[in-house]
Structure formats: structure tokens, C-alpha cells
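Student: Provide a 3D model corresponding to the input given below.
(2 chains)
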Amino acid sequence: AQSVTQLDSHVSVSEGTPVLLRCNYSSSYSPSLFWYVQHPNKGLQLLLKYTSAATLVKGINGFEAEFKKSETSFHLTKPSAHMSDAAEYFCVVSRPIKAAGNKLTFGGGTRVLVKP
Amino acid sequence: ETGVTQSPTHLIKTRGQQVTLRCSSQSGHNTVSWYQQALGQGPQFIFQYYREEENGRGNFPPRFSGLQFPNYSSELNVNALELDDSALYLCASSSGQSYNEQFFGPGTRLTVL
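Tutor: The predicted structure follows:
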């Protein structure tokens, strides 16, 4: 079984300050982990992914995440928030399923508000 | 390169009716996954199709069914609609390897009255 817990349902930051979105996962095998972003009325966009290579993963738009196996965490950070970062963020764990392909299990999401 | 497209954008149905949602996968992708996203929640996996065969299913009843065509486009059918089926339905395509990224379409917003 696999599951994801996003520890904050809402995060509010001021423009130019750091952003931290927390994610813990549970998995009975070596997971692949992702962060997706969803802007209003738009589809999900991949920010970054961890697939058992480097534990510090850099993504698009200045985001990065660190895989910590001992803490079963995959927190997302950005040094300086921009107004365009206001969106819903999902932490996702992936499990291989039969034949090729994988099943994504999403966390409940964290809504980010950026104040000017 | 054309991305994942879904139709229709919005749909309103009444309880007990049937609905068909459509998805065109990204060029070169042979795998399509469907997800249901209820308001204020994360998406939940419904099922996946790989080379026209169902390749895994989430915790959804049999009235949720699907199809994948030789061109890898896909349909999601829901029979006997219930009020709780109101949600955003997302389609994602990928190239079939378990570690590969899934590319999402914009979704179909279904409202059941």
C-alpha cells in the first residue's frame, strides 16, 4: 500500500520570501515521488520527480525537493516566492502496476497564497 | 507536439443518466490513466489502459468503465450517475514505462444534479 500526507492544507507567504511545502509518504517498496502544481482551470503540471537517483531534485521555476528516506519525507522548497506561484500543489507517490505503467497516489493538496 | 486533450470541457447530467468522457493522448504515448478529483481533494486513480487493455484499477465500482482505441485515445464511461460523481475528471498519458511522467489534460468538469 502507498499513501501521501501533505501536512499543510494552506500556506500563505509574502512575495520574495521562502516557500516550504511539507510531504510525508508511506510505501512498501522504493517509491518514485513527484510534485505537481495545478493552477485554477488548468491541468496538472509536473514540477519535479525523484526516481532513486540524486536525493536533492531540482525542478522547474526554481523549485527543489529533498528525498529523505529515514524521515519518509519529500518536502518542496523555493527560496523566493513569486506571485505566479499561487496555486494548488500535490505531492504524489508512484507505484508500478502490471505490464508497463504506474499508478499515481496523490496527497490532499496544499493551497499556496502569495501576498504582495 | 500536441498535448493531452479532453472533451467536453463541462458537462451537466442528472442522477441515473450515463456519460462518456473522451481523451486524446499525447503523440507517441500508448498509456492513458483516468483520475477523479472531487472538489477540494487530490485526484484519485480510476484505471489505466495500456495498449487497449485495462492495466490496473482503483477503488471504483464497475459502473465506471473505459476503453482505449488503436490510436491510443480513450473513453471513460460512467453509468447510473450519482450525485457524488460530480467532480473534475482528469486524463493523463504516458509512454508506458513505470518511471515516466504522466502528462495531464485540462479535465472535464462533470456536474450531476
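
Student: what's the helix or strand for the most centrally placed residue in chain A?
Tutor: In chain A, the residue lying closest to the centroid (Cα atoms, centre = their mean) is A:W35, at 2.9 Å. Applying DSSP states H and E as the criterion places A:W35 in strand A:32-38.

Student: I'd like the distance from that strand to the chain centre, please.
Tutor: How far strand A:32-38 lies from its chain's middle: 4 Å, per Cα atoms, centre = their mean, to the nearest Å.

Student: counting contacts, what elements does that strand pack onto?
Tutor: strand A:23-27, strand A:44-50, strand A:64-68, strand A:73-78, strand A:87-96, strand A:102-106 (3 or more Cβ pairs under 8 Å, 6 or more residues apart in numbering or on different chains; DSSP states H and E). Glycine gets a C-beta too; all of them are placed from N, C-alpha and C.

Student: and the fourth one, what's buried?
Tutor: When you say that, I think you mean strand A:73-78. A:S73, A:F74, A:H75, A:L76, A:K78 (16 or more other Cβ atoms under 10 Å in any protein chain shown).

Student: for the first one, same thing?
Tutor: Of the residues in strand A:23-27, those with enough neighbours to count as buried (16+ other Cβ under 10 Å) are A:C23, A:N24, A:Y25, A:S27.

Student: which residues of chain B lie near chain A?
Tutor: Taking Cβ under 8 Å from any Cβ of the partner chain as the measure of proximity, chain B contacts chain A at B:4, B:31, B:33, B:35, B:40-45, B:48, B:50-51, B:53, B:55-56, B:58, B:90, B:92, B:94, B:96-107.
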